[in-house]
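Trainee: got a sequence here, can you build the structure:
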Amino acid sequence: MKKLLLFVLVLLCDFSIYAQNGVEQKYLLTMKTNTYGLSILSLTDPYLSPLTYTGNGIQFEHESRRCWSETNTRLSIQSKLDLDAGLLQNPAQNSNMTYVAVNYSTGLHYKFKPVNGWLFLAGGSWDIGLGYKNVARNVNNPGNVDLATNLNLSGIAMYDLQLNRRTYRLQLSVETPLIGWMYVPLQGASYYEMFRLGNLSGISHFSSVFNRRGINPRLSVDVPFKRSVWRVGIQYRKLQYKANDMVFDRKETSLILGTTFDVVHFGGRMRKAPTSFISPTD
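Mentor: Take a look at the predicted model:
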């Protein structure tokens, strides 16, 4: 009888230790989303032309988000990489403008759930963007560079909708610039004069809500399928900034489509992959 009790106690201890290890062992999931979009563009660049150019564009965005740590899941880290390209024409359709841009941002958001089914993220981000616009018919100044960095205010609202035994996630995100720095050349000054002759006066500008205003709302829905989750939505971008007696304007409306998925990272001595995970190098 004593041996039987001892055997039961040993089993209970082993089970308790196994359960504790199972509870303590946590892995952070990283949500990654890749989306592609078709856009209707409108650009006004007084350095190149006083006219507004309109046309179509394409875009790609890679977004990554994860919690701060295993113990702090209220705070999340987000990073985004945006690639844009477009071809536009003036109102008379006798001049073309090509446009390419890249933007990278990273930020922090605080998560809270005031109501069942709803999730809110509030915080901010830092971004840096580089773009190039070209009007081939211009002789002296055929191109202009967009270069700026900003601190932004951002927020996200999510709602999980249960429908037909599926969970659809509705998401609305909004972002707007607060303060930063931007490069704007003097009207009529050539790039040869600025960078070969060293005449850099008037190109560096502090930006704030008084001379740089914009908003970037996006409405999307995540649709779960058997082996993947697809995201479809609509996005609007509006940006206007002023410097050197010129007003620059950009408007973009996009239809987006992509996929979203969760990944987990293993590596090092402290975060080894469990034996149940199969590595391609094993």
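Trainee: give me the neighbour count for G198.
Mentor: Applying other Cβ atoms under 10 Å, we find 8 residues neighbouring G198. For glycine as for every other residue, the C-beta is placed from the backbone atoms N, C-alpha and C.
Trainee: which parts of stretch 258-265 are buried?
Mentor: By neighbour count on 16 or more other Cβ atoms under 10 Å, the buried set for stretch 258-265 is 258, 260.
Trainee: tell me the centre residue of this protein?
Mentor: Computing the C-alpha centroid of the chain and ranking residues by Cα atoms, centre = their mean puts K80 first, at 3.3 Å.
Trainee: which residues touch that one?
Mentor: Under the criterion of Cβ atoms under 8 Å, 6 or more residues apart in numbering, the neighbours of K80 are 61-64, 103-106.
Trainee: for the record, mean pLDDT for the helix or strand where it lies?
Mentor: According to DSSP states H and E, K80 maps onto strand 75-89. For strand 75-89, the mean per-residue pLDDT is 97.
Trainee: quick one: low-confidence parts of the protein?
Mentor: Within the chain, the ranges that satisfy pLDDT under 70 run 1-25, 279-282.
Trainee: for it, what's the longest strand?
Mentor: strand 143-163 (DSSP state E).
Trainee: helices along the protein, start to end?
Mentor: Residue ranges of the helices in the chain, as given by DSSP state H, are 2-24, 191-195.
Trainee: list the buried residues in the strand holding K80.
Mentor: 76-78, 80, 82, 84-86, 88.
Trainee: end to end, how far does stretch 40-54 reach?
Mentor: 8 Å (Cα to Cα, to the nearest Å).
Trainee: what's next to it, contact-wise?
Mentor: Around stretch 40-54, the neighbours that count as contacts under Cβ under 8 Å, 6+ apart are 55-57, 86, 88-91, 95, 97, 99, 133, 135, 138, 141-144, 184-185, 187, 246-254.
Trainee: stretch 264-281 too?
Mentor: With contact meaning Cβ under 8 Å, 6+ apart, stretch 264-281 is reached by 25, 27-30.
Trainee: which of those residues are buried?
Mentor: So, by 16+ other Cβ under 10 Å, none of those is buried.
Trainee: of the residues you listed, closest to V229?
Mentor: Nearest to V229 among those is L29, at 13.3 Å by Cβ to Cβ.
Trainee: in contact with the closest one, which residues?
Mentor: Per Cβ under 8 Å, 6+ apart, neighbours of L29: 66, 262-264.
Trainee: from Q162, how far out is it?
Mentor: From L29 across to Q162, the span is 22 Å (Cβ to Cβ, to the nearest Å).
Trainee: repeat that for L43.
Mentor: In this view, L43 and Q162 are 42 Å apart by Cβ to Cβ.
Trainee: thinking again about what came up before, next step: the contacts of L29 restricted to strands.
Mentor: Among the contacts of L29, the members falling in strands (DSSP E) are 66, 262-264.
Trainee: between the residues you listed, which is closest to I128?
Mentor: So of the ones in strands among the contacts of L29, ranked by how close each gets to I128 (Cβ to Cβ), first place is R66, at 21.3 Å.
Trainee: count the neighbours of the closest one for me.
Mentor: R66: 19 surrounding residues under other Cβ under 10 Å.
Trainee: what sits against V221?
Mentor: Contact analysis of V221 by Cβ under 8 Å, 6+ apart lists 168-171, 231-233.
Trainee: for PyMOL, what selects the buried ones among those?
Mentor: Applying 16+ other Cβ under 10 Å to the contacts of V221, the buried members can be selected in PyMOL as follows:
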select buried, resi 169+171+231+233
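Trainee: tabulate the contacts of V221 (JSON lines), appending distance to L51.
Mentor: Output for the contacts of V221, formatted as JSON lines (distance: Cβ to Cβ, whole Å):
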{"residue": "Y168", "distance to L51": "43"}
{"residue": "R169", "distance to L51": "42"}
{"residue": "L170", "distance to L51": "39"}
{"residue": "Q171", "distance to L51": "37"}
{"residue": "R231", "distance to L51": "36"}
{"residue": "V232", "distance to L51": "34"}
{"residue": "G233", "distance to L51": "31"}
